[in-house]
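Student: Structure for this input, please:
(one chain, ligands or ions: 1)
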Amino acid sequence: MLWAAGVAASPLAQSLRVPLDRAGRVLVKPDLSVPGHPRVFVAGDLAALLQSNGKPVPGVAPAAKQMGKHITRMIRAQLAGIAMQPFRYHDFGNLATIGRRAAIVDLHGLRFSGFPAWAFWLAARIFFLIGFRNRMVVMIDWARSYWSYQRSARIILGRCQD
Ligand SMILES: Cc1cc2nc3c(=O)[nH]c(=O)nc-3n(C[C@H](O)[C@H](O)[C@H](O)COP(=O)(O)OP(=O)(O)OC[C@H]3O[C@@H](n4cnc5c(N)ncnc54)[C@H](O)[C@@H]3O)c2cc1C
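Tutor: Predicted structure coming up:
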């Protein structure tokens, strides 16, 4: 199976009437505020920001969570009259599942694959979900999919929009 799923920014960004990148994401300042609007911040997939190494902050969940935390700190700093700080993305590594009981793990030098990687991926995915309820729901859902061989939990169904 070859899957090429593009990710487009929410049309919400266009309504802000601020500079956007090619993918429709807001070109935020290093502190994640919107240029010309120091009290407006953008986090996650909708924010386009280059890291100090010149690479863009990736559109992944850990980056979105870290941005959210940074914005909380920046709002507090604004209220306290403290200088704003640039956002720094901490990349803890990459995990990807590539099949049933198969995954790859790359933790900046520590690389492994197969079942141990899949178990690690599973534990990490559950651990980093936000909230106990979400963890329980996802665990039950994935366990059901695993034992029943039904993939409904992962398949995205919908019509293409022209
Ligand atoms: C198929 C797929 C697989 C992925 N797999 C991974 C993975 O394995 N690991 C990983 O780290 N990341 C993965 N990602 C990326 C990850 O999902 C995103 O980076 C992350 O969800 C970004 O968080 P966010 O809060 O910026 O956006 P989202 O999680 O997309 O949340 C944005 C929310 O805003 C809502 N919204 C949009 N417009 C409006 C509006 N006008 N008014 C009100 N609400 C609005 C949306 O409905 C949505 O709920 C995957 C993404 C996709 C599409």
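
Student: For the closest residue to the ligand within the chain, the count of nearby residues, please.
Tutor: Per C-beta to the nearest ligand atom, G44 is where the chain lies closest to the ligand, at 2.0 Å. In this view, the C-beta of every residue, glycine as well, is placed from N, C-alpha and C. As a burial measure, G44 scores 19 neighbours (other C-beta atoms under 10 Å).

Student: got it, and R25?
Tutor: When counting by other C-beta under 10 Å, one arrives at 22 neighbours for R25.

Student: Quick check: bridge partners of the nearest residue to it once chain neighbours are set aside?
Tutor: Spatially, and ignoring its direct neighbours in sequence, R25 is nearest to A48 (3.9 Å; C-beta to C-beta, 6 or more residues apart in numbering). Under the criterion DSSP bridges, A48 forms beta bridges with L27.

Student: you'd agree V105 is in a helix?
Tutor: No: counting by DSSP: H, G, I helix; E, B strand; the rest coil, V105 is located in no helix; its state is strand.

Student: That one contacts F115, doesn't it?
Tutor: No: if you go by C-beta atoms under 8 Å, V105 and F115 don't touch, sitting 11.4 Å apart.

Student: Could I get the contacting residues of the residue of the chain closest to the ligand?
Tutor: The contact partners of G44, taken as C-beta atoms under 8 Å, 6 or more residues apart in numbering, are 59, 63-64, 67-68.

Student: Which positions in the longest helix belonging to the chain come out as buried?
Tutor: The single longest helix within the chain, with elements called by DSSP state H, is helix 61-80. Residues of helix 61-80 classed as buried under the neighbour-count rule (16 or more other C-beta atoms under 10 Å) are 63-64, 66-67, 70-71, 74, 78.

Student: Keep those residues, but drop any that are not near the ligand.
Tutor: A64 (C-beta under 6 Å from any ligand atom).

Student: pLDDT added to the buried residues of helix 61-80, as TSV?
Tutor: TSV is the format used below for the buried residues of helix 61-80 (pLDDT from 0 to 100):
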residue	pLDDT
A63	96
A64	95
Q66	96
M67	98
H70	98
I71	98
M74	97
Q78	96
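
Student: Max pairwise distance over the buried residues of helix 61-80: which two?
Tutor: Based on C-beta to C-beta, the longest span within the buried residues of helix 61-80 runs between A63 and Q78 and measures 22.1 Å.
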